[in-house]
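Peer 1: Next input, structure requested:
(one chain, ligands or ions: 1)
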Amino acid sequence: AAAQKQGYDWFMRKEIFEQPKAVADTLLGRLNERCELVLDELRISPETLRRINKIVIIASGTSFYSGLVAKYAIEHWTRIPCEVELASEFRYRDPIIDPMTLVVTISQSGETADTLMAIRHAREQHAKVIAICNTNGATIPRESDAVIYTHAGPEIGVASTKGFTTQLIACYLLGLYLAQVRGMKYGDEIDALLRELERMPAAIQHMLDQQQQVLDLAREFVDSPSVLFLGRHVGYPVALEGALKLKELAYIHAEGFAAGELKHGPIALINDGLPVFVVVPPRGRDQLRDKVISNISEVRARGAKTIVLGEADDAEARAASEVYIELPKVSTLLQPLVSIIPLQLFACELATVKGHDVDQPRNLAKSVTVE
Ligand code: G6P
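Peer 2: Take a look at the predicted model:
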């Protein structure tokens, strides 16, 4: 096992560092020389995809959070209404599904019981199902109409990392592909985004190269009983995922909130010295960004210790925060690919310092194949 870890202490840490390659591999071969999308495992005809009038994304755990990010991107690019639902909820409901519904299921393992039962439930009602999956030939892709494989390579750490970022890539590609086949008038935007996706491995690498700051932070906060994460727009699912990583690995109370909901409850939790991570949207989304910067001041005024993730050249966000983690300049919708990296490293390091088994957290399984 030591040899397989290639010098890393944990598979999880190795997998965090594999993300530039995993993302590059997932993009590989998906774009032709004219920068058009090629999704060859998509066994659903373009005519069918043109008729789809609703998308329902179904997943569990971390995969559910990549689905939450996907909703923002897919609705923006395609104008198709898109819902995201936990598989464990969907399967016991009476959802409104018909042959014009496209179900997108996201599962790293392709074996999660709830997710599998949810797609069976959807297919009984004649929905078309596309699986986003990291495991060739797993049950979920076998039972789907089409599959987009993420090429992350085997993920061994129980807490998903490269699974998550490659799922995001697959979701972006699917959204852009749907926009393309449906003839959306964002031609230039699609081209620019495709080119930007190709630059994401380097952007992720840039985040990894800055790891020392995050590792030091993890040591500083090792005794914190609780940590909060705030984000808005696609930063909200990032906050949820950052909190999940900390629960799974460090066994400390952690919660992610939509920053806009602060005054509806979470602000009551703020006390002296509570670490609060805040993800600031890129400049250019100033309406959102200004509000998040106000949130930083609000929690700081109540004693929180703010750790802010924002663009390197965002002087206002930096000035508002105590600790500032610099993000490279990327489009708003793609920001989760870079903002999640420090949160993964933070959870991995904090659990390591606590002496926990990072690869095999207590009570958790890599794939939940029973209810
Ligand atoms: C378990 C794993 C998580 C994973 C979730 C969904 O809870 O510990 O890391 O996100 O299952 O798994 P899937 O394979 O369906 O993505």
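
Peer 1: Which parts of the chain are helices?
Peer 2: Under the criterion DSSP state H, the chain contains helices at 11-17, 19-27, 46-51, 61-78, 87-90, 113-124, 139-142, 162-181, 187-209, 211-220, 235-250, 286-301, 315-320, 336-354.

Peer 1: With distance to the ligand and mean pLDDT as added columns, please give those in a markdown table.
Peer 2: Just so you know, the C-beta spots here come from the backbone N, C-alpha and C atoms, and that holds for glycine as well. Below are those laid out as a markdown table (distance: least, Cβ to the nearest ligand atom, whole Å; pLDDT from 0 to 100):
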| stretch | distance to the ligand | mean pLDDT |
| --- | --- | --- |
| helix 11-17 | 10 | 97 |
| helix 19-27 | 14 | 97 |
| helix 46-51 | 24 | 93 |
| helix 61-78 | 3 | 97 |
| helix 87-90 | 8 | 95 |
| helix 113-124 | 5 | 95 |
| helix 139-142 | 8 | 96 |
| helix 162-181 | 6 | 95 |
| helix 187-209 | 19 | 91 |
| helix 211-220 | 20 | 98 |
| helix 235-250 | 7 | 97 |
| helix 286-301 | 26 | 94 |
| helix 315-320 | 30 | 96 |
| helix 336-354 | 12 | 98 |
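
Peer 1: Present those as CSV; the columns should include mean neighbour count and distance to residue 33.
Peer 2: Conversion of these to CSV gives the following (neighbours: other Cβ atoms under 10 Å; distance: least, Cβ to Cβ, whole Å):
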stretch, mean neighbour count, distance to residue 33
helix 11-17, 23, 31
helix 19-27, 22, 14
helix 46-51, 13, 20
helix 61-78, 24, 22
helix 87-90, 20, 38
helix 113-124, 20, 35
helix 139-142, 20, 28
helix 162-181, 26, 16
helix 187-209, 17, 12
helix 211-220, 16, 36
helix 235-250, 26, 33
helix 286-301, 17, 36
helix 315-320, 16, 39
helix 336-354, 25, 24
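
Peer 1: for these, which one sits closest to residue 40?
Peer 2: helix 162-181 (11.1 Å; Cβ to Cβ).

Peer 1: Could you check the angle that closest one makes with helix 19-27?
Peer 2: Relative orientation of helix 162-181 versus helix 19-27 (axes from the mean of the first three to the mean of the last three Cα atoms, to 10 degrees): 30 degrees.

Peer 1: and helix 162-181 with helix 187-209, angle?
Peer 2: Going by the same axes, to 10 degrees, helix 162-181 makes 170 degrees with helix 187-209.

Peer 1: if I look at residue 359, how far off is the ligand?
Peer 2: 11 Å (Cβ to the nearest ligand atom, to the nearest Å).

Peer 1: Quick check: phi and psi at that residue.
Peer 2: Per-residue torsions, residue 359: phi -80, psi -30 (degrees, to the nearest 10).

Peer 1: quick thing: my sequence starts at 377, can you match it?
Peer 2: Okay, using 377 as the starting number, the last item reads as residue 735.

Peer 1: Would you agree it is in contact with residue 532?
Peer 2: Yes. Assessed by Cβ atoms under 8 Å, residue 735 is found in contact with residue 532 at 6.6 Å.

Peer 1: joint contacts of the two?
Peer 2: residue 387 (Cβ atoms under 8 Å, 6 or more residues apart in numbering).

Peer 1: When those two are compared, which one has more neighbours?
Peer 2: residue 735 (22 against 16; other Cβ atoms under 10 Å).

Peer 1: ok, that one - contacts?
Peer 2: So residue 735 contacts 386-388, 532-534 (Cβ under 8 Å, 6+ apart).

Peer 1: Ok, residue 727 next?
Peer 2: 625-627, 734, 737.

Peer 1: Tell me which two in those residues are the farthest apart.
Peer 2: When Cβ to Cβ is used, the two most widely separated members of the contacts of residue 727 are 627 and 734, lying 11.5 Å apart.

Peer 1: who's more crowded, those two?
Peer 2: A count of neighbours by other Cβ under 10 Å puts residue 734 above the other of residue 627 and residue 734, at 24 against 14.

Peer 1: In contact with the spatially closest residue to that one that is not a sequence neighbour, which residues?
Peer 2: The shortest distance from residue 734 to any non-neighbouring residue, by Cβ to Cβ, 6 or more residues apart in numbering, is to residue 386 (4.4 Å). By Cβ under 8 Å, 6+ apart, the residues touching residue 386 are 533, 724, 728, 734-735.

Peer 1: Likewise for residue 658?
Peer 2: 665, 687, 703, 705-708, 711.

Peer 1: Go again with 7 Å.
Peer 2: 687, 705-706, 708, 711 (Cβ atoms under 7 Å, 6 or more residues apart in numbering).

Peer 1: Adding distance to residue 640, write the contacts of residue 735 out as a markdown table.
Peer 2: Shown next, in a markdown table, are the contacts of residue 735 (distance: Cβ to Cβ, whole Å):
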| residue | distance to residue 640 |
| --- | --- |
| 386 | 37 |
| 387 | 39 |
| 388 | 34 |
| 532 | 39 |
| 533 | 35 |
| 534 | 33 |
